[in-house]
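> Give me a model of this one.
(chains A and B)
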Amino acid sequence: MQRNRSLTGTARQTVMHLFQVGAGSGGIVVLDLLARDPRITTITLVEPDVYSERNVHRHAFPSSAAGRLKGEAAAEWVRERRADVEVNVLVADLTDPAMLGIFEERASVCDVGVCAVDNEAAKYAFDALMRKAGKSWSLGEVLSGGIGGWVHRFTPNGPCYGCVASHLQRTVTEAPEAPAPDYANPGAALAETTIPASKASIEVIASLHASITLDMLAGTVAEFTSLLFTLQRVPGVFDEAYRPFRFTIAKSEECLFCSTIPAAEAGEDLDVALDQALARLGND
Amino acid sequence: MLSVEVPAIEKYNEGRDPGFRIAVTRVGGSLVLGYTLKPCHNPYRLETRLLSSYPTVPPETRIVSPMKHCPHLLEGQTICLWRQGSTRAASRWDPAKFTCIFAVQAAWRWLACYEVWHETGEWPLPEAK
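Predicted coordinates:
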């Protein structure tokens, strides 16, 4: 891990930059716990959402914060506890291509990344950013209904999120069997997405997420890629509550994201190469 | 795209009858694959659209040829291939393993099912019921 260091008087003081995406009910817990670590001196937070009344029962922010940007409220939360920490908020969607340059610059100067979002596209986007920057990052996921959760740790040379997601999709049951798609309303969310997790379960997983991220900052050697912690006994899914499972997931040689497939050209060369490919493939 | 998808499409097209090759065009920020499939007796014209968020977001495939309405055919003759789950566990599309050719093959399988359904009234894949 690359660390930025500055000299304060005669003593060396570690200064670290946290790059976090998401300040929802789990993300704010991770942010709070990490921001209290004296090594953290700079935080970049990506969070586009507005805090609403329906968030209140599961979030650390009070109801009086409803209507405010979550990112701004989170920055205020941190500054009230660590006035010496520089907090930069980017009110943006992590998958917005127009913001990619700024995200890449932030990733390149951070020491560790934290992903606390619950949509797959953003997880892949954050993974791509951090791999390109060669930085380690962590991801927390609370399972539907708060029956347990995951914390994953990623390193530049280890498996990417695609490898981990692909492995877990095939080998681990994370939820009771879902109903078949509703063809009468195909765009609707499946029922599994509507089962909320309790604040307690969110905070347990978020605290594990923060703890594992602090281990990463300390340079602790990873003994696992992914930690699954169960919070409920669910027939067909988890036999016991409060049980940890550690998974060491290897980088897939066939992964389309992080395998050894040669990288394509960059910039204008890439556009030219793509145009040439489309010209080859464009004839009916 | 260049290192994964284009070689996969070129391999698919290699040695294939010209009428059944995939042609790729750029439409705005998306790439559209146009092709014909003939799983049984009838040829079908299809389009598979790779959005700018591809491969994280699965490709969308629609059938251009006129179809009889069936329960697995969505609005705009888009075919239901990937469960629209919001989580890793609920999603059938694996962006780390699948190329757009997987989507073409899945469309072929869907069309084969459609022809069976057309004859029997039964969709032959139980997990899709």
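
> only C-alpha atoms for contact and neighbour calcs from this point on.
OK.

> Show me the helices in chain B, by range?
With DSSP state H, the ranges of helices along chain B come out as B:5-13, B:100-120.

> The closest residue to residue B:125 other than its chain neighbours - how many residues pack around it?
Excluding its sequence neighbours, the residue lying closest to residue B:125 (CA to CA, 6 or more residues apart in numbering or on different chains) is residue B:113, at 7.5 Å. By other CA atoms under 10 Å in any protein chain shown, the residues close to residue B:113 number 19.

> list the contacts for residue B:113?
B:123, B:124, B:125 (CA atoms under 8 Å, 6 or more residues apart in numbering or on different chains).

> Looking at those, which one is closest to residue A:154?
residue B:125 (37.3 Å; CA to CA).

> and that closest one, how many residues sit next to it?
Per other CA under 10 Å, the neighbour tally for residue B:125 reads 10.

> What's the separation between it and chain A?
The gap separating residue B:125 from chain A is 12 Å, by CA to the nearest CA, to the nearest Å.

> Equivalent analysis for residue B:114, please.
For residue B:114 relative to chain A (CA to the nearest CA), the value is 15 Å.

> Is that residue in contact with residue B:123, as I believe?
Yes - at 7.2 Å, residue B:114 counts as touching residue B:123 under the criterion of CA atoms under 8 Å.

> higher neighbour count, the two?
Per other CA under 10 Å, whichever of residue B:114 and residue B:123 has more neighbours is residue B:114, with 23 against 20.

> And that one, what's its pLDDT?
Note for residue B:114: predicted pLDDT of 92.

> who in the stretch 1-150 of chain A is up against chain B?
Taking CA under 8 Å from any CA of the partner chain as the contact definition, the stretch 1-150 of chain A meets chain B at A:95, A:118, A:119, A:120, A:121, A:124.

> Which single one of the residues you listed is nearest to chain B?
residue A:121 (5.6 Å; CA to the nearest CA).

> Setting aside sequence-adjacent positions, which residue approaches that closest one most closely?
In space, residue A:121 is closest to residue B:56, 5.6 Å off (CA to CA, 6+ apart).

> can you check residue A:151 too?
Using CA to CA, 6+ apart, the closest residue to residue A:151 is residue A:140 (4.5 Å).

> For the one you found, which three-state class applies?
Of the three states, residue A:140 takes strand according to DSSP: H, G, I helix; E, B strand; the rest coil.

> Verify the stated contact: it with residue A:119.
No - using CA under 8 Å, residue A:140 makes no contact with residue A:119, being 11.6 Å away.

> Neighbour count for the two, which is higher?
residue A:140 (29 against 12).

> That one and residue A:39, how far apart?
Distance from residue A:140 to residue A:39, counting by CA to CA, to the nearest Å: 21 Å.

> now swap in residue A:144 and tell me
33 Å.

> Retrieve the pLDDT associated with residue 84.
With no chain named, the answer covers chain A. The predicted local confidence for residue A:84 is 96.

> my bad, chain B
Predicted confidence (pLDDT) for residue B:84: 55.

> How confident was the prediction at residue A:181?
In this model, residue A:181 carries a pLDDT of 50.

> ditto for residue A:259
pLDDT, residue A:259: 78.

> Count the residues that sit near the residue nearest to it when sequence neighbours are not counted.
Distances taken as CA to CA, 6+ apart place residue A:253 nearest to residue A:259, at 5.2 Å, with adjacent residues excluded. By other CA under 10 Å, 13 other residues sit near residue A:253.

> And residue A:253, how close does it get to residue A:159?
Residue A:253 is 10 Å from residue A:159, by CA to CA.

> before we move on, back to that, got the contact list for the residue nearest to residue A:151?
A:115, A:116, A:149, A:150, A:151, A:152, A:205, A:206, A:209.

> Sitting in helices, which of those do you find?
A:205, A:206, A:209.

> Are stretch B:91-99 and chain A in contact anywhere?
Yes - where contact is defined by CA under 8 Å from any CA, part of stretch B:91-99 touches chain A, namely B:94, B:95, B:96, B:97, B:98.

> Enumerate every residue touching the closest residue to residue A:245 other than its chain neighbours.
Take residue A:245 and drop its neighbours on the chain: the residue closest to it by CA to CA, 6+ apart is residue A:228, 5.0 Å away. Residues near residue A:228 by CA under 8 Å, 6+ apart: A:148, A:149, A:150, A:151, A:244, A:245, A:246, A:247.

> Which single one of those residues is nearest to residue A:168?
residue A:247 (9.5 Å).

> residue contacts, the closest one?
Contacts of residue A:247 (CA under 8 Å, 6+ apart): A:224, A:225, A:226, A:227, A:228.

> What subset of the residues you listed is buried?
Among the contacts of residue A:247, those classed as buried by 16 or more other CA atoms under 10 Å in any protein chain shown are A:225, A:226, A:227, A:228.

> could you redo those residues as CSV and give each row secondary structure and pLDDT?
Compiled in CSV, the buried ones among the contacts of residue A:247 are given as follows (DSSP: H, G, I helix; E, B strand; the rest coil; pLDDT from 0 to 100):
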residue, secondary structure, pLDDT
A:225, coil, 95
A:226, strand, 96
A:227, strand, 96
A:228, strand, 96
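
> circling back: I'd like the contacts of residue B:113 written out as CSV, with pLDDT added.
Below are the contacts of residue B:113 laid out as CSV (pLDDT from 0 to 100):
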residue, pLDDT
B:123, 87
B:124, 86
B:125, 78
